[in-house]
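1. okay, predicted coordinates and the sequence, questions at the end:
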Amino acid sequence: MFKVERIRRIKEILRDCHQIEVSVLSNLLNVSDATIRNDLEELEQDGFLTRFHGGATFNSPDTSLSDNSQPTMSTVEYHKDKEEIGIIASRLVQEREWIFLGPGTTTYYIAKALRERGQINVLTNNFLVANILYDVPTIRLVFLGGQVDHLGNYAVPDDLDKELQNIYLDKAFFSVDGVDLNAGYTLSDKTVFDIIHSVMKRSREPIMVADCSKFEQTAFMTIGNLSLTPTIITNAGIPDEYKRYYLDHDIRVYSSFDLKPAAF
Amino acid sequence: MKFFSIETKNLTKIMERPLISDISFTAHSGEIHAIIGNNGEGKTLFAKLLAGVRPKTSGSILINHEPLDITDVVSAQKYGIYMLQQEEVLFPKRTVRDNIIAGNEKKLGLKNRFFSPSKKRLNQVCLDYLKLFHMENLDLDAPISSFSVMEKLVVQLCRILICDPKVLILDEPSTALTTAELRTVFDFMTDFKQNTAIILITHNYSLLMRYCDRVSVIDDGTITASFTRDDFTLPEFNECITHLKMNVKYPKLPIIPGNELIRFDHLSTDLLEDIHFSMRRGEIIGLAGLKTGQKHSFLSTLSEELMPKDGQIIYSDTLRRPFFSLISGDEANQALFMAHSIPFNIAVSNFQKVTKYGLFSKRMMKGYGIYYLNKLKIKDSDIHTRTCHLSTGTKQKIVIARSLFTQSNIYIYDEPTKNLDSTSRLDLYNILNALTLDGASILLISSNNAELVGMCSRVILTKDGKQIGNYSTQYLSEEALSKELE
């Protein structure tokens, strides 16, 4: 492996797991410990990481950005499946469309992927989304304010239907807590349930986003069966029964495929 | 000929696990009996047990309630059971005549003790049979390898027909044929079935509705349902069919095209004329209307096996030909190395990737093998299964895995979804999307118009080898596309 390629891989790996040991890296990349140490030293000089005994930690790349944002906001745990879903979802959004991003961390990744796009209008009640998009000049952001749910990082307007009365959306992205063949889409929060119901009435194309860990899980209350939305974005790992169900019910299924095998 | 029926009783085949369990099945003369089901559920295996290609574990096969003693292909043929296998069974270098006659001299009464039969007599026999498929113009002296899929199929059929089969098993004859070609074959079958029991394995549902008299559904190695033609209107039947059918909602991604990767600049070859289009990063482009020979000409030009007559192929970025990844429209059997392991078959597209310190590493090859088997959800086999024992759908998946292994920029997929069931198809479409998200460009050659309109951003239309259109699928419906191609 050439050095450039190696450095690129190290950066990739560190971004994924934030902290790593030299021995693990050398195993992953099939090179000696000494080589890895040299590379890490170089990367430390670039300010990309900080070394410690036997390993290195990742320096957040957006240090300038996260300085003026609340520290609690940026602590969304990295989730590869959700990131892949976010990329696909962002591609489905077309220019000049009005979209809604619901509560949850999956929508946070959609927002992240949307940062590189322009000419989009976003309505959200999710603080994480707002935090990501507020400084992008080409994206119009409308925040749906109200009472704050601290755990979920979102706000709930007092009178949802009144707020949404004159609004019409092109696409709305929702995430749920559980997806099950019998129970359908399930949620554990009554407030989120209300939000999804009201927004769905106002949007032309509701889209469900659920990573594969949500499948075969049930939560407290059902918002509808699996044919609730005509489109779902998920990961490749979902069980075949679900794919068959979606095919039988004419539901469009996007699933992300990670086609880059790790080096063996 | 008298009415007869072929029956199986509790037919079972057990390898490491039961692959066929307890199938009791009946087919009658005068009927086309279809067997349908998902990939790897045991359709082909069941047929192979009937035809003696693979030995059964237990159970019995009967004709008119008389148990048969089938141990191998020859004994099955003695009872009049013949199978048209999905694989090509031909002598590629021999002539059409040789391929039809081979092994059948005795049955034709052509061979006496001293003389081999005259060429004239043989030609007459061949023509008699080819005429059934309106192919009497075939050059009998040309080697079989130079003919199209349809012609090869007919030659194999003729060889069987000479033997006057009682039970004829057709394993997925429809995959590589066009609609018109299918019509020719099956119009013949409708006449022919009077004295024969025809068992048809297929994924083609229009064929099913049109020609079949009875349908059995095979699921997990056993027959779960059986319908006669009168039942075709029943809701249960519909439910069964939609369950298996390919009514995929295509997961099309709106594209953000990147820079140009390759441009066909007014390309003309021996069979093609004025092909002119470009492919950008992140695009899926459809290519419709090419016949087998033209496809071949196109792909050979691309691989620089054939020099273009006029025009050129321009690669941006580099002057050199970039890395291609190709799935050819040939049957997976021809693309796979049957004697080698599954990991070998996957890694063969880029052996450099499985070397370490310049040495070949078996461990790495196995690792990649396991990785791709998981990715493509190949469930009926593991890396130790012998390649020749895989089901047809799985073989196709291995070919797909191989094409993914190269990780190139340009992918050329010729009928990639053939032999795949609906969920695997959906997975493949999403794989195409994943490739484009990574900045690859895909050329999809397909005879499935819905697929082209559903997945591609643009479709290049050709007719008789000449490009007649380059449409954006935003304004192209499936109907319009079929009309243009008529």
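-> Received it, and whenever you're ready, just let me know what you need.
2. which residues touch residue 181?
-> Looking at chain A here, since you left the chain open. When contacts are counted by Cβ atoms under 8 Å, 6 or more residues apart in numbering or on different chains, residue A:181 touches A:226, A:241-242, A:245. All C-beta spots, glycine's among them, are computed from the backbone N, C-alpha and C.
3. that answer is for a different chain, and I need it for chain B
-> By Cβ under 8 Å, 6+ apart, the contact set of residue B:181 is residue B:150.
4. and it, how far is that from residue B:47?
-> Distance of residue B:181 to residue B:47, computed by Cβ to Cβ, to the nearest Å: 22 Å.
5. just residue A:257 next, same as before
-> Taking Cβ to Cβ, one finds residue A:257 at 33 Å from residue B:47.
6. residues of chain A that sit close to chain B?
-> Contacts of chain A with chain B, taken as Cβ under 8 Å from any Cβ of the partner chain, map to A:30, A:87-88, A:91-92, A:94, A:236, A:240, A:243-244, A:247-248, A:250-261, A:264.
7. for stretch B:415-424, buried residues please.
-> B:415-424 (16 or more other Cβ atoms under 10 Å in any protein chain shown).
8. ok, which of those also contact chain A?
-> Restricting the buried residues of stretch B:415-424 to those near chain A by Cβ under 8 Å from any Cβ leaves B:422-423.
9. and the buried residues of stretch B:415-424, which two are the farthest apart?
-> B:415 and B:423 (18.3 Å; Cβ to Cβ).
10. residues touching whichever residue of the stretch 201-350 of chain B sits closest to chain A, list them.
-> Nearest to chain A, among the residues of the stretch 201-350 of chain B, is residue B:249, at 4.0 Å (Cβ to the nearest Cβ). Listed by Cβ under 8 Å, 6+ apart, the contact set of residue B:249 reads A:247, A:250-253.
11. tell me the centre residue of chain B?
-> What sits nearest the mean C-alpha location of chain B, by Cα atoms, centre = their mean, is residue B:175, with 4.3 Å.
12. assumed it was part of a helix.
-> No: per DSSP: H, G, I helix; E, B strand; the rest coil, residue B:175 lies outside any helix segment and is coil.
13. close to chain A: what parts of the stretch 351-486 of chain B are there?
-> Near chain A, when you scan the stretch 351-486 of chain B using Cβ under 8 Å from any Cβ, you find B:356, B:361, B:363-364, B:367-368, B:371-372, B:375, B:377, B:404, B:407, B:422-423, B:426-427, B:430-431, B:433-435, B:437-438.
14. just the ones of the residues you listed in helices?
-> The members of these that map onto helices under DSSP state H are B:363-364, B:367-368, B:371-372, B:375, B:404, B:422-423, B:426-427, B:430-431, B:433-435, B:437.
15. where's residue 128, which helix or strand?
-> Looking at chain A here, since you left the chain open. Taking DSSP states H and E as the definition, residue A:128 sits inside helix A:127-133.
16. I was after chain B.
-> Per DSSP H and E: helix B:119-131 holds residue B:128.
17. average model confidence for that helix?
-> Here helix B:119-131 scores 86 as its mean pLDDT.
18. repeat that for stretch B:325-336.
-> Mean per-residue pLDDT for stretch B:325-336: 72.
19. and what of stretch A:97-113?
-> For stretch A:97-113, mean pLDDT rounds to 91.
20. start to end distance for that stretch?
-> The separation between the terminal residues of stretch A:97-113, taken as Cα to Cα, to the nearest Å, is 16 Å.
21. can you list the domain ranges for chain B.
-> Domain ranges of chain B: B:5-244, B:260-485, per automatic domain parsing.
22. which residues sit in contact with residue 198?
-> Answering for chain A, as no chain was given. With contact taken as Cβ under 8 Å, 6+ apart, residue A:198 is in contact with A:160-161, A:164.
23. try chain B instead
-> Residue B:198 touches B:27, B:31-33, B:167-170, B:189, B:192, counting by Cβ under 8 Å, 6+ apart.
24. residue B:224 against residue B:217, yeah?
-> Yes: under the criterion of Cβ atoms under 8 Å, residue B:224 makes contact with residue B:217 at 5.2 Å.
25. who has more neighbours, those two?
-> Set residue B:224 next to residue B:217 and count neighbours by other Cβ atoms under 10 Å in any protein chain shown: residue B:217 wins out with 22 against 12.
26. what is the subsequent helix or strand relative to the helix or strand encompassing residue A:26?
-> Taking DSSP H and E as the criterion, residue A:26 maps to helix A:22-29. The first helix or strand that comes after helix A:22-29 along the chain, using DSSP H and E, is helix A:33-45.
27. for that following helix, packing partners?
-> The helices and strands touching helix A:33-45, judged by 3 or more Cβ pairs under 8 Å, 6 or more residues apart in numbering or on different chains; DSSP states H and E, are helix A:3-17, helix A:22-29, strand A:49-52, strand A:55-58.
28. for those, which one ends up most surrounded?
-> Most buried of these, by mean neighbour count (mean count of other Cβ atoms under 10 Å in any protein chain shown): strand A:55-58, with a mean of 18.
29. before we move on, back to that, quick check: pLDDT value at the residue of the stretch 201-350 of chain B closest to chain A.
-> The score at residue B:249 is 82. That number is its pLDDT.
30. which residues of the stretch 351-486 of chain B fall in strands?
-> Secondary structure of the stretch 351-486 of chain B by DSSP state E, counting those that start in this stretch: the strands cover B:355-356, B:359-360, B:410-414, B:441-445, B:458-463, B:466-472.
31. and the ones you listed as a markdown table, adding mean neighbour count and mean pLDDT?
-> Below are the strands of the stretch 351-486 of chain B laid out as a markdown table (neighbours: other Cβ atoms under 10 Å in any protein chain shown; pLDDT from 0 to 100):
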| stretch | mean neighbour count | mean pLDDT |
| --- | --- | --- |
| strand B:355-356 | 12 | 81 |
| strand B:359-360 | 10 | 84 |
| strand B:410-414 | 23 | 88 |
| strand B:441-445 | 24 | 91 |
| strand B:458-463 | 21 | 89 |
| strand B:466-472 | 15 | 87 |
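32. give me the contacts around the helix holding residue A:26.
-> Contacts with helix A:22-29, where a contact means Cβ under 8 Å, 6+ apart, come from A:1, A:6, A:9-10, A:13, A:32-33, A:35-37, A:40, A:54-56, A:262-263.
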